[in-house]
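# Generate coordinates for the sequence data below:
(2 chains)
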Amino acid sequence: MADDTIKIHDETLRDGTQSLWGMMMGHWMLQPPMKEIGEAGYDSIDLPMHIAQPMIHVRFFQEDPRIAFRMYSKEIGDTKSKVYALPSMGVMQDITGGYSNKTMIRLGLEVFTKIMPQFNSCFMMCCDSDQVKNHFPVIFPLYREFGVEPVPYLAIGHTPRHNDEFYANAVREIRDKYQPKEMVIKDVNGLLTPERVRTLVPTFQENCGDAEIMTHFHGMNGLNTYNTVVSMELGVRKFTTCTPPLAYSSSHPSVFDIIKNAEEMGLSHNMDVKKLESISDKLYRIGKAYGHPVDNHPLPFDLFTYKHQIPGGVISNTRTQLKQLGHEDKMQAVLEEIPTMLEEMGNPIMITPFSQFIVTQAVLNVISKERWSEILDSMVEFACGIYGWEEAGVPYMDKNLYDKIMSLPHAKKVKDKADRQLEYLHSEPPLDKIKAEWNMLSASDEDFFFTFLLHGDQELKKVTPGGPDTYKKYI
Amino acid sequence: MSSHEHEAASNELVPITSNVTSVFYRRPSPEEPPFVEVGDKVTPDTVICLLEVMKCFRSIGAGVSGTVEKILVESGDLVEAGTEMFLIRPEK
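Model (predicted):
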C-alpha cells in the first residue's frame, strides 16, 4: 500500500528557469534562494549544474562557472535532500561538440563530485532504447563508482509507436538490467491527458520493480497539476514541482498547489511552507529586477498542439524569426507542415534538440519552392543516427526522404562520425593524450574539463576579474 | 539581369545562389579555414559554404565540377533568396 506522505522533487532553478527564463540565471540570481531550497524539506533538488550552465555563466554573465558551482555547494550546505546534477553527461557532448568517452565522463565525475560533494544522483536523459542498449552499460557503472545514482528519465512520446506496451518493455528492461532506485515519467512535451496518466502510471508501477516512480509533467496543455493529482490517487508518491514564479505555463506545477492537493487527499508532506514562501518572494524580486516573466499561469488547452507538439517557447521564437525573414504570414503553414514532417521522419519524440531544428526545417519547407529542397545539417545528423537510431525514428523514416538526405554532399562524413560515436564512448584513452590534443597537458583536471565543456578557452578568458564581489548584483 | 549574371552568362560561369534568405558563412567555425578559396578545384560534392537560418545551418555543395572563379559575398552577410554567392568555372 502506498505511503501516506508525499515527496517533492524541486526543479525551480534548473527546469523552471529553462522553461520560463531561458536559463538566463547569473551568480547573484541563483544564490539568494539556494540555501532555503536546501532547507525546505524536498526529497531531492535538481541544481543548475548541467553541461549548459557553464556556458550561461561565461557567455551571458562573464562569470566564472567554477566559482558559481562552488557557490551552489556552499549554499546548499548539509542539506538532507538528495542533490541531482549533471544531466546528459556522456551523451549530449556528442551533439554539442567534442566527443565524450569513458575517460572524459570519469573526469567530469571526479571534477564535479570534488566541487560539489553533495552531488549524489543524476538524471539519465531520456532512456530510449538506443541509450539503454548503448549508453547505460557505460554510464551506470561509472556513475555508481562515484556514489552517484543514475535516475532514468523516460520521455513520453505522443505518437502511435509510444504506447503503454512500449513503456512496459522499456521500464522492465531498465529494471532487469540496472535496478535503479527511481524512474521518472517525463512528459517533456506537457501533453499527457488524465486518461493516458491512468494507464501509463499503472504500466510503470507494474514493471518498475522496487524503483520509486516520480512524475515530471510540463504544462503545455494546462493539465499538469491535475495529472499530478491523478498520479497521487493512483499511488505515486514523488512529484516534480517548481516554486512560483517559475511554476505554471510550460514549466511544472506549483509546489504550493501540489502540497495543498495532497492535504485535501489526506496525505502529508515534509515541506516547510514558510521557507517556500520566502524562496518564492526572492524569485519574484529577482525575476522582476532582471525583466524575466513572473506572471505565469496554466496554459489553455489547444488540440492543435497535439499535432505539431512544438513547445510554446519555440513557437514564440519562430514567430519572431519568421518576421525577420519577411514571412510573418507563414506561421500557421509552418505549424501545419510539422505533422507531415514528423510522419516522414519516423515519429521522433519531440525532445531537445529535435523541436528546434524540426521547426526550422518546417520553415524551409514552407518558404522554399519545393519541400525538402533545402535540408538542414541537423536533419542530416538525425538521419545518420547522431541523435539515436531506433528510438529517434530513423528506421521508420520515409525511404525517399532518407535517400535524399543521405545523397547530400556531406552525409557520408556525418555518417562516419555517427558510426564512430559508440566506439568512442566505450573507449578509454589516457587523459594526458586527450589533454595533449587540446594543447593543455599542463592544465589542472578542473581547468581542462571546463575548457572541454566550453569547447575551448576563448570564453573563459572573458570572465570578469575579481570574482563574485565584482559581478553585478540584481537585488 | 545583374552584372554578375551578365558575367556568368558571357563567360559560361556557373553561379551558386542562395534559395532562401539566410546568413552566409565561408568557414565551418570561426577558428577554421574557409571551405574554399578562389582558384580551388571543386566537385559537385564539395561543401563550399554554410547558410544559416534561425540558428540552424545547412551545408551547401558546389553541385558542379570546376574552379572557384569568384566569391561574391562576405562571411556574415545576409543573402536574400536568389543572391549569387559564388561563380564556378565548370570543367570542360
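
# can you tell me which residues contact the residue in the stretch 251-400 of chain A that chain B sits nearest to?
Chain B sits closest to A:Thr360 of the stretch 251-400 of chain A, with a gap of 4.1 Å, by Cβ to the nearest Cβ. C-beta: built from backbone N, CA, C; applies to glycine. A:Thr360 makes contacts with A:318, A:376, A:378, B:53-56, as judged by Cβ atoms under 8 Å, 6 or more residues apart in numbering or on different chains.

# Name the SS class of the residue nearest to A:Glu381 when sequence neighbours are not counted, please.
Ranked by Cβ to Cβ, 6 or more residues apart in numbering or on different chains and with sequence neighbours excluded, the top spatial neighbour of A:Glu381 is A:Val414, at 5.7 Å. Per DSSP: H, G, I helix; E, B strand; the rest coil, the secondary structure class of A:Val414 is helix.

# Pretty sure A:Val414 sits against A:Tyr387.
No - distance between A:Val414 and A:Tyr387: 11.4 Å, which falls outside the contact criterion (Cβ atoms under 8 Å).

# where do the contact lists of those two overlap?
Common neighbours of A:Val414 and A:Tyr387 (Cβ under 8 Å, 6+ apart) are A:Glu381.

# Count the neighbours of the closest residue to A:Phe304 other than its chain neighbours for me.
Nearest in space to A:Phe304, with sequence neighbours left out and distances taken as Cβ to Cβ, 6+ apart, is A:Leu335 at 7.2 Å. Around A:Leu335 sit 19 other residues, with neighbours defined as other Cβ atoms under 10 Å in any protein chain shown.

# quick one: A:Leu335 and A:His308 touch, right?
Yes - taking Cβ under 8 Å as the definition, A:Leu335 is a contact partner of A:His308 at 4.7 Å.

# So which bits of the stretch 201-350 of chain A are right by chain B?
For the stretch 201-350 of chain A, the residues in contact with chain B under the definition Cβ under 8 Å from any Cβ of the partner chain are A:317-318, A:321, A:325-326.

# check contacts around B:Glu91.
For B:Glu91, the contact set (Cβ under 8 Å, 6+ apart) comprises B:65-67.

# circling back: how about the particular helix or strand that has the residue nearest to A:Phe304 in it, which residues are buried there?
Here A:Leu335 is covered by helix A:331-344, with elements defined by DSSP states H and E. Neighbour-count burial for helix A:331-344, with 16 or more other Cβ atoms under 10 Å in any protein chain shown as criterion, is recorded at A:331, A:334-335, A:337-338, A:341-342, A:344.

# where does A:Pro160 land on pLDDT?
Note on A:Pro160: pLDDT of 85.

# Name the nearest residue to A:Leu322, ignoring sequence neighbours.
Nearest residue to A:Leu322, sequence neighbours excluded (Cβ to Cβ, 6+ apart): A:Glu328, at 5.3 Å.

# That neighbour: how many residues sit nearby?
Summarising burial for A:Glu328: neighbours were counted as other Cβ under 10 Å, giving 12.

# repeat for A:Ile67
Tallying neighbours of A:Ile67 according to other Cβ under 10 Å, which is how burial is gauged here, yields 15.

# quick one, strands of chain A?
In chain A, the strands defined using DSSP state E lie at A:7-10, A:44-46, A:82-84, A:119-124, A:149-155, A:182-187, A:212-217, A:238-241.
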